[in-house]
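Novice: predicted coordinates and the sequence they were generated for:
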Amino acid sequence: MLDRPDRPTAILAQNDDMAVGALMAAREAGIDVPRELSIVGFDDSEIARITWPRITTMRQPVFDMAVSATSLLLDQLAGTPVPATIAHEHRLILRESIAPVPGAGGSFPPRQTIQHA
């Protein structure tokens, strides 16, 4: 994918480990992250914080999600009605692995945490 003439300007990986794999592939291909390619991961694992550039990632409350899933399962097994959906807070953690699309003339806010519920 990275050796194509129409390669992507950004990659959203399924998790932070895969984002680091994309970062390594970009380096091997001589692609500058984030100037030529933005990379975003998911989970905010330790590896996202210790690579360079540090990986922008989505932080999700894995423990709270597991507790909710277990509770829903127990409720279903007991015959108790359960909600169709449950929303958990998540946060976009902006780090050094992203940049505006080349030539788009945009800019990003300072590195920060963006929180959504």
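Specialist: That came through fine.

Novice: could you list the low-pLDDT ranges of the chain?
Specialist: Regions of the chain meeting the criterion pLDDT under 70 cover residues 102-117.

Novice: could you redo the last one with a cut-off of 50?
Specialist: 116-117 (pLDDT under 50).

Novice: scan it for its longest helix.
Specialist: Looking only at the chain and at elements set by DSSP state H, the helix with the highest residue count is helix 62-77.

Novice: tell me the secondary structure for residue 11?
Specialist: Secondary structure state of residue 11, per DSSP: H, G, I helix; E, B strand; the rest coil, is strand.

Novice: contacts for the longest helix of the chain next, please.
Specialist: Residues from elsewhere that reach helix 62-77 (Cβ atoms under 8 Å, 6 or more residues apart in numbering): 43, 81, 82, 83, 86, 88. C-beta here means a position set from N, CA and C on the backbone, and glycine is covered the same way.

Novice: what pairs with the helix or strand just after it, parallel or antiparallel?
Specialist: Sequence order places strand 90-93 as the next helix or strand after helix 62-77, per DSSP states H and E. Sheet pairing of strand 90-93 (DSSP bridges) gives strand 56-59 (antiparallel), strand 113-116 (antiparallel).
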